[in-house]
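Engineer: I would like the atomic coordinates for the input below:
(one chain, ligands or ions: 1)
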Amino acid sequence: MEKISDVTIQPCSSTPYIKPLRITYTQDGVKKIWDAMKVHDSVCVLLYNKSRDCFVFVRQFRPAVYINSVVTEKQADGTETVDSAKYPGTLGLSYECCAGIVDKDCSLVEIAKMEVLEECGYDVPLENIQKITSYKSGTGVSGAMDHLFCAEVTDVMKTGPGGGLKEEGELIDLIEIPLRESRKWLFDEAINKDGELILSVLWFYDHYGK
Ligand SMILES: Nc1ncnc2c1ncn2[C@@H]1O[C@H](COP(=O)(O)OP(=O)(O)O[C@H]2O[C@H](CO)[C@@H](O)[C@H](O)[C@H]2O)[C@@H](O)[C@H]1O
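Structural biologist: Numbers count the residues shown, from 1 in each chain. As a prediction, the model looks like this:
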């Protein structure tokens with residue numbers, strides 16, 4: 001998972017996942033420019049395993065986290081590289097709630113259910129998936145919607161290994177954090193995690209009075 005090497009970084013104009021854009025507009029009579037990115041909306045599911053009183057998170061190597069944690073070297077051909085002997089892949093490991101982009105023609109809660117099965121191996125009934133909230137993420141750059149859900153699962157619902165879709169190259173570890181240890185873990189800045197995870201867990205404490 002964290003054995004990373006041969007890292008190169010180059011400009012990217014457009015892909016199926018992101019579309020960088022330059023926006024010009026006039027605001028109160030003043031001409032302005034803003035650089036932004038079109039990205040997919042996403043769903044994110046906080047999983048709480050009732051059988052073992054723990055949260056189930058996913059841990060994966062995130063290239064964006066990695067390259068923002070290292071010093072890159074400019075090469076003559078204009079690309080940038082990273083000395084992976086100096087900067088281990090562990091710098092790019094990130095703990096997140098199970099999540100996925102909204103790129104399918106089905107409801108958000110159905111996408112949430114599919115992601116829980118693919119990434120975490122739990123076959124959770126739709127009625128166990130409850131909405132937390134939806135909000136605009138990355139307002140300076142993307143402004144996409146993030147739809148947060150919470151699902152209570154039990155060991156009986158664990159029907160597969162999870163770990164993500166191998167055909168999409170996904171490499172995902174499942175990490176269980178006991179509820180009683182989660183407050184300390186949540187605010188441990190040495191552990192990479194995203195805002196969706198923190199918000200969802202704080203919602204859980206509030207909603208269930210934990
Ligand atoms: N930028 C990219 N470059 C190359 N390949 C890409 C890519 N984005 C997606 N992919 C490909 O699409 C596959 C499926 O991605 P997912 O829908 O599982 O989103 P992911 O969990 O990575 O991010 C989800 O979770 C994170 C964290 O919550 C959210 O930020 C995010 O919007 C949400 O989709 C990936 O395995 C990869 O093959």
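Engineer: Any idea how many residues pack against Ser84?
Structural biologist: As a burial measure, Ser84 scores 16 neighbours (other C-beta atoms under 10 Å). C-beta here means a position set from N, CA and C on the backbone, and glycine is covered the same way.
Engineer: Doesn't it belong to a helix?
Structural biologist: No. Judged by DSSP: H, G, I helix; E, B strand; the rest coil, Ser84 forms no part of a helix; its state is coil.
Engineer: Val7 is in contact with that one, correct?
Structural biologist: Yes. Under the contact definition of C-beta atoms under 8 Å, Ser84 touches Val7, with a separation of 5.8 Å.
Engineer: near the ligand, anything from the helix or strand where Lys31 lies?
Structural biologist: Secondary-structure assignment from DSSP states H and E places Lys31 in strand 30-39. No. Using C-beta under 6 Å from any ligand atom, no contact is recorded between strand 30-39 and the ligand, whose separation bottoms out at 6.6 Å.
Engineer: packing partners for that strand?
Structural biologist: strand 18-27 (3 or more C-beta pairs under 8 Å, 6 or more residues apart in numbering; DSSP states H and E).
Engineer: how far is the strand it packs on from where the chain is centred?
Structural biologist: Strand 18-27 has its average C-alpha position 25 Å from the chain's average C-alpha position, going by C-alpha atoms, centre = their mean, to the nearest Å.
Engineer: what's the angle from that strand to strand 30-39?
Structural biologist: Strand 18-27 and strand 30-39 are oriented at 160 degrees to each other (axes from the mean of the first three to the mean of the last three C-alpha atoms, to 10 degrees).
Engineer: Give the full set of residues in contact with the closest residue to Asp103 other than its chain neighbours.
Structural biologist: Here the nearest residue to Asp103 in space, its sequence neighbours aside, is His40; by C-beta to C-beta, 6 or more residues apart in numbering that works out to 5.5 Å. When contacts are counted by C-beta atoms under 8 Å, 6 or more residues apart in numbering, His40 touches Tyr17, Ile101, Val102, Asp103, Ala144.
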